[in-house]
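K.L.:
turn this into a structure:
(chains A and B)
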There are 2 protein chains.
Amino acid sequence: MYETFMKRAIELAKKGLGRVNPNPPVGAVVVKDGRIIAEGFHPYFGGPHAERMAIESARKKGEDLRGATLIVTLEPCDHHGKTPPCTDLIIESGIKTVVIGTRDPNPVSGNGVEKFRNHGIEVIEGVLEEEVKKLCEFFITYVTKKRPFVALKYASTLDGKIADHRGDSKWITDKLRFKVHEMRNIYSAVLVGAGTVLKDDPQLTCRLKEGRNPVRVILDRKGVLSGKVFRVFEENARVIVFTESEEAEYPPHVEKALSDCSVESILRNLYERDIDSVLVEGGSKVFSEFLDHADVVFGFYSTKIFGKGLDVFSGYLSDVSVPPKFKVVNVEFSDSEFLVEMRTCSRE
Amino acid sequence: MYETFMKRAIELAKKGLGRVNPNPPVGAVVVKDGRIIAEGFHPYFGGPHAERMAIESARKKGEDLRGATLIVTLEPCDHHGKTPPCTDLIIESGIKTVVIGTRDPNPVSGNGVEKFRNHGIEVIEGVLEEEVKKLCEFFITYVTKKRPFVALKYASTLDGKIADHRGDSKWITDKLRFKVHEMRNIYSAVLVGAGTVLKDDPQLTCRLKEGRNPVRVILDRKGVLSGKVFRVFEENARVIVFTESEEAEYPPHVEKALSDCSVESILRNLYERDIDSVLVEGGSKVFSEFLDHADVVFGFYSTKIFGKGLDVFSGYLSDVSVPPKFKVVNVEFSDSEFLVEMRTCSRE
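P.N.:
Model prediction:
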């Protein structure tokens, strides 16, 4: 019976996507006598929590919260962080029932559910839990696996080429390109190898109206970008360069991270920098290195066929006896292009 | 207002798919006072036409056809072929209105629409025309272009490989394999190169219950299959081998076609053998040769990734400046596989 309200709470939560990281996006609605009397969401990192926004909005409108029901995507926090605990606010408000999508996996947040029950508030758990978990997947991965959520995004021809026999790769896909900008607006960081920077000099910015640029992470193992000027080094976003080269020099704005440049080291380092999600955008070697670490893969395909050219996973090697690692969860198409979304079948 | 009845006629027509070739599948319903009083379809090559079956069925049930409406997918024939003209039967029956999906593009069939109008029968044309044209696409291509309708079907990894680095290719896709057997049940012929026969020794049969085997067409340019035993040479289907080799010898059951083995020659020859449709199933070189001649391409993809291996279009060469030739018209997915159906954007 709470699904409709939870759907609304999820919708509200999405307004914070890409703005609240590494916090989870959270949405909440207060319901009384079967109708929504107030709504809230976590708008940006450090901003008010969804529950607080909803309760304060109800109070401003002079609504009586006694006996009301709070529907919130994530278990309310019970600790003093940037804001006081939501649990206390809810208990004081007179709300009688709290409905949650999923429990907060972060042990730091305390046990809101238990506290509510100890105060005689009914708690209903697991409403649209799968949907809510997907909404919070960056946060859940970040907190439970102590690494960012990893997405891999490539644009390929039907025959798996990301550049033609002359090395050209611009405009393999076009119609679905806005999707890439939607992703850059939500992922905390994007990552490319030095080869892609040298070849394409990409901006890696989000060109959506009111979009925000992700952190740019560059993998420059040998320091080949040292002392040179590229658009990814511009100051319109935070920039982190991973390199093995002690000598490599980058513009002052750039954070240089000396590292063995293994995928594990990079992910650990990004985690320590509070980066909860990273979209790997290329090129072929970087895709091959990150493939076995990806939580989700977005394959953008054009119906173009090159026959010869650069393979999307040229540095990878597997064979027919190895079972598929990814499950297809969605496919969209437009004109001469399609986008396949795949998720790992299961991994640690 | 006739769409619902035309939909039913299309459904009936589909019962003849793969059985009536090179005739078109045709379905018909007779409607009186808003209800269907009889149905018919063309069941097999040489069998009764859909209109005849429907009218005879109505008569058997003692229905009065005067003033009735006939809804039929394709313009009724006005010529003596294996059966007498349907036009005469319809005119005599007292039917007052004939609704058709599309005109018969075959000049041999005569002009049914004109004849009806000359006899005071109202004709309504173009109901669900696109759908009906798709239903009859083998026939329309065969009659208007004097070649079979060409489909290309491959099974590839995400990175466009049809065999791994050791040459293994069995079971790249599995979940969607039944679709291949559905295709073999409908296409008049399947075509593979000698390399595929040598490597996989495939049966190329339809393993559906009550399915029928397509004609097997083998492209053995150099005669490398000569004097050897393969499953494609078994007598459970008609077999045609195209070869440049005068010396090549095949089992008695096999039809040997001496030819320059160009795609144009092969398609012309198949047309002359009354084959209205061919499903090209491999391998990589044959795909590359037939790609620019394909009306439709079925790409079966597994989410497996080989990194290295045999490219699906290894003999093809194009580049990023060439616009895509195919439009995506449908995508299905199941577990770790997806099927992309593509049609040529436009071709002669």
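
K.L.:
count the residues that sit near the residue in the stretch 151-300 of chain A that chain B sits nearest to.
P.N.:
The nearest approach of the stretch 151-300 of chain A to chain B comes at residue A:160, 2.8 Å away (Cβ to the nearest Cβ). Placement of C-beta: from N, CA and C, glycine included. Counted with other Cβ atoms under 10 Å in any protein chain shown, residues neighbouring residue A:160 total 31.

K.L.:
and residue A:4, by the same measure?
P.N.:
Neighbours of residue A:4 under the rule other Cβ under 10 Å: 13.

K.L.:
and it, helix, strand or coil?
P.N.:
helix (DSSP: H, G, I helix; E, B strand; the rest coil).

K.L.:
close to chain B, is stretch A:193-211?
P.N.:
No. Stretch A:193-211 lies apart from chain B when judged by Cβ under 8 Å from any Cβ of the partner chain; the minimum separation is 12.7 Å.

K.L.:
what's the span of that stretch from first residue to last?
P.N.:
24 Å (Cα to Cα, to the nearest Å).

K.L.:
isn't the residue of the stretch 151-300 of chain A closest to chain B up against residue B:154?
P.N.:
No. The criterion here is Cβ atoms under 8 Å, and residue A:160 misses it with residue B:154 at 11.9 Å.

K.L.:
for the two, list the residues in contact with both.
P.N.:
Common neighbours of residue A:160 and residue B:154, using Cβ atoms under 8 Å, 6 or more residues apart in numbering or on different chains, are residue B:312.

K.L.:
quick one: contacts of stretch A:119-128?
P.N.:
Stretch A:119-128 is contacted from outside by A:2-3, A:6-7, A:10, A:71, A:90-91, A:95-103, A:113, A:116-117, using Cβ under 8 Å, 6+ apart.

K.L.:
mind redoing it with 10 Å?
P.N.:
Stretch A:119-128 is contacted by residues A:1-7, A:9-10, A:69-73, A:75, A:87-88, A:90-92, A:94-103, A:112-117, A:132, A:134-135 when judged by Cβ atoms under 10 Å, 6 or more residues apart in numbering or on different chains.

K.L.:
same question for it: list its buried residues.
P.N.:
Residues of stretch A:119-128 classed as buried: A:121, A:127-128 (neighbour count, 16 or more other Cβ atoms under 10 Å in any protein chain shown).

K.L.:
wait, what's in contact with residue A:200?
P.N.:
So residue A:200 contacts A:163, A:169-170, A:192, A:230-232, A:282-283 (Cβ under 10 Å, 6+ apart).

K.L.:
where does chain A dip in pLDDT?
P.N.:
For chain A, the stretches with pLDDT under 70 are A:347-348.

K.L.:
swap the cut-off to 80 and go again
P.N.:
Where chain A drops to pLDDT under 80, the residues are A:82, A:110, A:171, A:346-348.

K.L.:
export stretch A:14-32 to CSV, keeping only CA atoms.
P.N.:
C-alpha atoms of stretch A:14-32 as CSV (Å, rounded to 0.1, in the frame of the first residue of the first chain):
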residue,chain,number,x,y,z
LYS,A,14,16.7,11.7,-7.7
LYS,A,15,16.9,15.5,-7.5
GLY,A,16,20.0,15.1,-5.4
LEU,A,17,21.7,12.7,-7.8
GLY,A,18,25.2,14.0,-8.6
ARG,A,19,24.9,16.7,-5.9
VAL,A,20,24.9,14.9,-2.6
ASN,A,21,27.9,12.5,-3.2
PRO,A,22,29.4,10.8,-1.3
ASN,A,23,26.1,10.9,0.6
PRO,A,24,23.2,8.9,-0.7
PRO,A,25,20.3,10.6,-2.5
VAL,A,26,17.3,10.5,-0.2
GLY,A,27,13.7,11.5,-0.6
ALA,A,28,10.8,11.6,1.9
VAL,A,29,7.1,12.3,2.0
VAL,A,30,4.8,12.8,5.0
VAL,A,31,1.3,11.3,4.6
LYS,A,32,-1.7,11.9,6.7
